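K.L.:
model this:
(3 chains)
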Amino acid sequence: MVNAPDRTRSSVGTATDMGLAIHTLAARLFPICRSITGNGVRDTLAILGQQIDMAVHEVPTGTPVFDWVVPPEWNIRDAYVKDGSGRKRIDLAKSNLHVVSYSNPIHRVMQLSELRSHIHTLPDQPDLIPYRTSYYSEQWGLCTSHNALLGLADGEYEVLIDAEKTDGHLTYGEYLHKGSTDRDVLFSAHICHPSLANDNCSGLALLTLLGKSMQSRKTRYNYRFLFAPGTIGALTWLARNEDKVARIDHGLVVSCVGDGGGPTYKRSRQGNAMIDRAMESVLCCGNRQAIMQDFSPYGYDERQYCSPGFNLPVGLFQRSGFGTFPEYHTSADNMALITPENLAFSYQMISEVIDIIETNWTPVNLFPKGEPQLGRRGLYASLGGDKSAVQTSMAFLWVLNLADGNYSLLDMSLRSRLPYADIFRAAQLLLEKGLLGGELPQA
Amino acid sequence: MVNAPDRTRSSVGTATDMGLAIHTLAARLFPICRSITGNGVRDTLAILGQQIDMAVHEVPTGTPVFDWVVPPEWNIRDAYVKDGSGRKRIDLAKSNLHVVSYSNPIHRVMQLSELRSHIHTLPDQPDLIPYRTSYYSEQWGLCTSHNALLGLADGEYEVLIDAEKTDGHLTYGEYLHKGSTDRDVLFSAHICHPSLANDNCSGLALLTLLGKSMQSRKTRYNYRFLFAPGTIGALTWLARNEDKVARIDHGLVVSCVGDGGGPTYKRSRQGNAMIDRAMESVLCCGNRQAIMQDFSPYGYDERQYCSPGFNLPVGLFQRSGFGTFPEYHTSADNMALITPENLAFSYQMISEVIDIIETNWTPVNLFPKGEPQLGRRGLYASLGGDKSAVQTSMAFLWVLNLADGNYSLLDMSLRSRLPYADIFRAAQLLLEKGLLGGELPQA
Amino acid sequence: MVNAPDRTRSSVGTATDMGLAIHTLAARLFPICRSITGNGVRDTLAILGQQIDMAVHEVPTGTPVFDWVVPPEWNIRDAYVKDGSGRKRIDLAKSNLHVVSYSNPIHRVMQLSELRSHIHTLPDQPDLIPYRTSYYSEQWGLCTSHNALLGLADGEYEVLIDAEKTDGHLTYGEYLHKGSTDRDVLFSAHICHPSLANDNCSGLALLTLLGKSMQSRKTRYNYRFLFAPGTIGALTWLARNEDKVARIDHGLVVSCVGDGGGPTYKRSRQGNAMIDRAMESVLCCGNRQAIMQDFSPYGYDERQYCSPGFNLPVGLFQRSGFGTFPEYHTSADNMALITPENLAFSYQMISEVIDIIETNWTPVNLFPKGEPQLGRRGLYASLGGDKSAVQTSMAFLWVLNLADGNYSLLDMSLRSRLPYADIFRAAQLLLEKGLLGGELPQA
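P.N.:
Numbers count the residues shown, from 1 in each chain, chains lettered A, B, ... in the order given. Reported below is the predicted structural model:
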C-alpha cells in the first residue's frame, strides 16, 4: 500500500514541537568551533549521533580525493590579542569567529601596525565580527568588529593563536534510512562552519531530526543523510562512493533553513529533474510563493554534486539565499536569527517533497469519455450554481482530465497549480471509487 | 475559388443589424423556464427552429450515456410562497429563478424556520435572486433576494412547487450546414439555463443567426451547431455520435457573448490546436487585446469535448468569463446586461475565425531571392522616406518573406501580429500578380 | 595559436582615437549628394578607398537583377526655387535634402499653388527638411522646412531641378579581408543616402576603418565589406555572387551607429543563428542592456539577405533603431547627432562580435568529477568567506561546470550572462593549467 501524504504531520501542534526540537538541537551545535577538519566536526557528529544511528567516517590526511588531497587536521585551543595592560581585546572564548578558520598558529608581540594587516573587519557593519577562512593556504588571521579595531591604540600587543595543523583525519557522518528499493535520495548539509546558526546549524539539526522521524516510515527510496565539511567533505564522499552515485535519483543540499526569508530553491544543473519539479510544486503551487533560481556553479556542495562528471539531480533548498541576508557570514548569524516557526515550515516543505518522491504515480482514467458522474459517488457538490462550491471539486476534475497516462500526479499538480497533497487525495478517492487505474508505487 | 474574408459583413450598418437581430432573438428566449429536460428546452428549440432547419432529438429517460443515465423529464407549472395574509412573497411568475431548477415538488404549510433552510439568497448582493440547480439529487428549494427573505416575519407560510419529474425525454437540437468536404466544425451552446440573458440566451441566439447567415455561404467544412443542455446534453450528443467525433477538426463552445467584457478565450486541452491559434489571431493580432486562458477542466461543455477520451480541439469563447462578472448566475443577468453592439462584435469575431478556417492556405514565394519589385506592380508606396507609408506595405513584405512553404497565412498573422484579413488580402494580390504559388483551399 | 580577444583595443585612449577617426571620415562623406546611382556613390567610394583597398564595381543600366533591372544613372547639378525677386527660397547648395532623391528634372515658372503640391515638409517638425526619394517612379519634387514653405507668398516662382537620368551604371564597392578558411562574414552598409550623418555616413565610416584595422589581424574567416546602394545594390551584389552566398556563416547590416541610443539589434530571420547569439552576448551579458528585436521584413538590406531564397544569418546592428529617433530622415540627422564616443562604442561592440566569431571553441573539462582545486593553481581567492572575492572566480567555475562538450564559450557566456571575454580568458587560463582539453580554432 502506498503511504498517503500525511498532512497531520504539519498540524500546528506537531509543527511547533518539531520546530522547537530543531531549534534546541541547533542551539547545542552553535557553540562548537567547527572547521573542515578537527574535533569540532567530531563533537558535532557526536551530538547528532544521539538522535540517529550516525556512521562516522575518518579519512586520513593525505588521502587523494579526485584533484584534491585531504588536508591536515586543524585544532585550536585558544586565541587572543592582549593589549599592553594585559587586557584581552580579542578573545576566542567570546566568539569562535574571532579566529580565521584554519589559521596558522602564532604567538608573538607586535606593533598594532603589523597586527592590523592580519585583522579582518566589516567597515559597513562595524558592530559585527566577520567569518573568514584560510583553507589551503598558510596564513594567520583574526576577525573582530570594526569598532573594536578602531578602539585599539597604537602600541604593542601580544597575539596568540594556539592552533595546530597535524596529520590526522577528515571526519564526516552519514545516516542511512533504508527503503524497499535500491534507489537513493541524498540530503546533504555542510558541517564546517563554526558558530553560525542559520548557516548551517539549522540545516544540520533539521536533517538530523528529519532522519530520526523517518525511522517510523516505510519508504521506497533509501535516504542518505550526509553531514560533511564543505567542498572537501562532499568530494571525499563522492570519491569513496562512486559506485553508489548512479543510484541517486533525487537530492537536496539543505542550508540556512531557520530564518524567515524565501523560501529559495536553486535548481539542479539538469534544471528539470524530478527534484526540481517537486520543489516547484511544494514551493509554488497552492498560491505559495518562492524564489526559484536556475543553477549556477557558486554556492554550497551542489557545486560538487552538479559538476559535469556527476551532474546529479541535486538542488539547493534555503530560506534566505546565501549572501542575500545582512547577517550572512557574520556574528549576527546567531541563534536569535532562527526561530522554531521558520524551522518547522522548512521541515514541512522538505517533508512534502519526500511525500511526492515516495507517492507519485500515473493514474489512468477508466471513464475517459466525458466526465464520469461524480455526484452520485458523493464527490461533487449536489447544489449547482454556487460560485464557491467549485473549489473543492477542482482536484477531481483535474485528475480525471489529465489521467490519460501521460501525467503523473506531480505533473498534474504543476499544470493545475494545485497542491500535490490535494491532487494525491483526489486520486486516492477516485481510485477507491473505481474511476482510475494505474500502477501505484509500493513502499 | 476560395471565398475571400468579407469584411463588409462587419461594416457598421450590417453589424448593428445583426446585433439587433441577435438581441431580439435572445429577448424571445429569455422568459422561458428552461432546465436540463422538459418543455422549456422544447419551446426554446421551437423558436430557434423558426430561423434554421433545426433537427430536434428526443432521448428517453433512462438511456445510458457513458457513465450517466438520461434523467427524468422535469416540468414545472407554478411555484410560490404565500404568507399568512395570502400574499405571494415568492412567485415563479415574477422570475424563473425563484425555483431551484429541477427541484422536487412540494405543497405544504410550514413555519418560516423550516422554510428558511430551503431558501437560497445572496447576502452580498441582497437585491438579486441567485440561480441554483439541484440536478441528480432529491431536494426542493426556492431562491429569492436576501432583502426579501429578511422581510419575511415569523409565522406560517404556504409553500407550493408544482413540478414533476417523470419518465420522458432529454431534448436537444442540431443544425447542420453542409460543406464540400467531410470534415466538421462544431459550435456548441448550452440550452439549460432559465432566464439568464448573457449565460446563455446570448450564445443560443448568436449561433442560430450565425447558422442562418451561413446558408448563403459555400464552405469547405460542415458546421454542426449543437443546442443541448449542459453536461448531460453534450454527453448524450457525444455518445450518439461517437462515429462522427473523429471528423471534428475545430470547435467552439459559445457562451456569455452579449456583455462588454473580455473577449475571453479558453484554449482547448490540446492548447495549440488550429482553433486556439485562429482565436489568438482574431483576438490578439492587429493590436486587439483579449484574455487568453489555458485549458482548465471547469467551465461549460468543453469539459466533455476535451475529456481525455475525446480530447477534441474545442475552445471556449466568451466576453466576460463565467464567474467573473457580478451579474453571473443572478437575476441581474437579464436583457439589460447584453447589448446589440456587444453581440455584433462577438458575432464578428466568430465570423473571422470561420474565415480563417475556410480560407487558410500556405503560399510559396515564386521570387524568393530578394524582394520582388512591388513598386512597378503598384503594391508599394512610390515616394520613399515617409515614416507612415510603410504600414500599408507590411502585409506584402511579411507574406513574401515567410512564404517558404512552412507558413500558412494563419502562421504569418501570428508571427507578424497583423490581422489575418490583411495577410489574406496581401496574399490574394500577390497571387494575382503572379508572385505566389501554392494550393488554395476550395470551398 | 588562437588570437585572444584583445580588450586593449577598447581602452579609453584607443577607443577615443578610433571614434575620432570614424567621426572625421563620416564628416568627409556627409556633404556628398548620394543616391542609388550616380557620381555621389563614386565620390563616396573614392574617399573610402583611401583607407582600404576598395574594389569598385560598375553594373550597366538595364542589367537584370532577379526581379529587378538596374535603373538609369541619376546625377544632379543644381536645384532651386526662386521667388519673384530672384531670391532663392530653396537651394540645393544649402542642403542636399532639398531635392527629392532621383527626382525628374524640371525648369519652369509656376504659381505657388502648383509648386506647393511638389514640396514635401514636416508640419510636426516645422524647422526640419525631410528626406524623400522617388526611385522607380517618374516624379519631380523638392523638400523644405514647413516654416520655409509657410513663408512663401502667393505668386510666381522659378523652379529648377537640373538633374538627368541616363543610361550609365550602378556603382558599389567591396573590400575583402582574407582569412585562412573559405568561410565568409558579411558586413554591409548602404551608401545611397545623401547628407544624413547617422543614417548612414556613420556606418560607412565605421566599417571602412574596421576593415582597415583588420589588415593587421590574422583571421579564420574572410570578411566581406559591402558598400552598396540600398535594396538594388544589395540585390545586385547577391545576383552577381550567388555562388558565394552559401559561404556566408555570419553577417551584419550596420547603420545608425553614431548616436547614443540603443544599442539595438534585430535578429536574422533564422532567429537563433550564431550571429544572433553572439550579438546577445555582446549587447546583453555583463550587465549590459540593449533593445533586442525579432526579425521583421522591413528595414535595411537584411530584407534582401534574409529573403526566403537566401535566408542568410545576417542581423541588423544600430544604436537608435531606424524610425525611432526624431532626427531620422530629416536635416537634423547631421554631424552634430553623432559623436566620437558613440562611434567608438559601436566599433567596440562589433569588434567584440568578431572576437567571438574568431575565437569561440568548445572546451572539455579534464577533471569533471567535482571542482578541481583552483586555489593551489592560483586561480581562486585564498581567503574564504568574503562576499566580494567571489566575482572574479565565477568565470572559472562556469567554464569548468559547463565544459561537458556541449557548450561553446559563447554558450557559456549566454548561460552565465558573463562577458564572452571573461569566459574566454578563464578558459585560456584553465587550458594553460591543464584543466581543459578541446580543439581550438586556428587563425
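
K.L.:
in stretch A:257-277, what counts as buried?
P.N.:
By 16 or more other C-beta atoms under 10 Å in any protein chain shown, the buried positions in stretch A:257-277 come out as A:257-259, A:262-270, A:273-277. Yep, even glycine has a C-beta here, placed from its N, CA and C like the rest.

K.L.:
ok, now stretch A:427-441?
P.N.:
Those would be A:427-431, A:435-436, A:438, A:440, for stretch A:427-441 by 16+ other C-beta under 10 Å.

K.L.:
Span of it from start to end?
P.N.:
For stretch A:427-441, the first-to-last residue distance is 13 Å (C-alpha to C-alpha, to the nearest Å).

K.L.:
can you check stretch A:326-341 too?
P.N.:
20 Å.

K.L.:
pLDDT wise, what is the residue in the stretch 101-250 of chain A that chain B sits nearest to at?
P.N.:
Residue nearest to chain B within the stretch 101-250 of chain A: A:R220 (27.4 Å; C-beta to the nearest C-beta). According to the prediction, A:R220 has pLDDT 97.

K.L.:
and if you look at the one 4 residues further on?
P.N.:
A:R224 carries a pLDDT value of 98.

K.L.:
I'd say A:I32 and A:T44 touch.
P.N.:
Yes: A:I32 is in contact with A:T44 according to C-beta atoms under 8 Å; the separation is 5.5 Å.

K.L.:
In chain A, what helix or strand scores lowest on average pLDDT?
P.N.:
Sorting the helices and strands of chain A by mean pLDDT, DSSP states H and E puts helix A:12-29 at the bottom, at a mean of 88.

K.L.:
can you give me the offset of the helix or strand just after it from its chain's centre?
P.N.:
Scanning forward in sequence from helix A:12-29 by DSSP states H and E, the next helix or strand is helix A:39-48. Centroid displacement of helix A:39-48 relative to its chain, using C-alpha atoms, centre = their mean, to the nearest Å, is 18 Å.

K.L.:
Enumerate the beta-bridge partners assigned to the residue nearest the centre of chain A.
P.N.:
The residue lying closest to the centre of chain A (C-alpha atoms, centre = their mean) is A:V254, at 1.0 Å. Counting by DSSP bridges, A:V254 forms beta bridges with A:F317.

K.L.:
A:S202 versus that one, what's the distance?
P.N.:
The gap separating A:V254 from A:S202 is 8 Å, by C-beta to C-beta, to the nearest Å.

K.L.:
ditto for A:P419
P.N.:
The gap separating A:P419 from A:S202 is 25 Å, by C-beta to C-beta.

K.L.:
tell me the strands in the stretch 201-350 of chain A, going along the chain?
P.N.:
A:222-228, A:248-254, A:264-266, A:291-293, A:314-318 (DSSP state E, counting those that start in this stretch).

K.L.:
other SSEs contacting the first one?
P.N.:
It stands for strand A:222-228. In terms of contacts (3 or more C-beta pairs under 8 Å, 6 or more residues apart in numbering or on different chains; DSSP states H and E), strand A:222-228 is packed against helix A:39-48, strand A:169-177, strand A:184-190, helix A:202-214, helix A:232-240.

K.L.:
wait, isn't A:T166 in contact with A:E73?
P.N.:
Yes: the pair A:T166 / A:E73 is scored as a contact, 5.8 Å apart, by C-beta under 8 Å.

K.L.:
So between the two, which is more surrounded?
P.N.:
A count of neighbours by other C-beta atoms under 10 Å in any protein chain shown puts A:E73 above the other of A:T166 and A:E73, at 23 against 11.

K.L.:
wait, what's in contact with the more buried one?
P.N.:
The contact partners of A:E73, by C-beta atoms under 8 Å, 6 or more residues apart in numbering or on different chains, come to A:37-38, A:61, A:165-170.

K.L.:
A:L176 now?
P.N.:
If a contact means C-beta under 8 Å, 6+ apart, then A:L176 has A:55, A:222-225 as its contacts.

K.L.:
Closest to chain C out of these?
P.N.:
Lowest distance from chain C to those (C-beta to the nearest C-beta) belongs to A:R224, with 17.3 Å.

K.L.:
What distance do you get for the residue nearest to that closest one when sequence neighbours are not counted to A:D301?
P.N.:
Among residues not flanking A:R224 along the chain, A:L186 sits closest, at 5.0 Å (C-beta to C-beta, 6 or more residues apart in numbering or on different chains). Using C-beta to C-beta, one gets 10 Å for the distance from A:L186 to A:D301.

K.L.:
same question, A:G286
P.N.:
30 Å.

K.L.:
out of the two, which sits in the busier spot?
P.N.:
A:D301 (28 against 15).

K.L.:
can you give me the helices for chain A?
P.N.:
A:12-29, A:39-48, A:112-116, A:146-150, A:202-214, A:232-240, A:274-284, A:302-305, A:340-359, A:394-402, A:409-416, A:420-432 (DSSP state H).

K.L.:
and the angle for the fifth one with strand A:169-177?
P.N.:
In this case it means helix A:202-214. Between helix A:202-214 and strand A:169-177, the angle comes out at 40 degrees (axes from the mean of the first three to the mean of the last three C-alpha atoms, to 10 degrees).

K.L.:
I'd say A:G260 and A:R319 touch.
P.N.:
Yes: if you go by C-beta under 8 Å, A:G260 and A:R319 touch, sitting 6.7 Å apart.

K.L.:
Is it correct that A:A426 is in contact with A:S393?
P.N.:
No: taking contacts as C-beta under 8 Å, A:A426 lies outside contact range of A:S393: 9.0 Å.

K.L.:
Compare these two and say which is more crowded by neighbours.
P.N.:
Shown here are A:A426 and A:S393; by other C-beta under 10 Å, A:A426 has more neighbours (25 against 17).

K.L.:
which non-adjacent residue is nearest the more buried one?
P.N.:
In this structure, A:A426 finds its nearest non-sequential neighbour in A:A395, 3.6 Å apart by C-beta to C-beta, 6+ apart.
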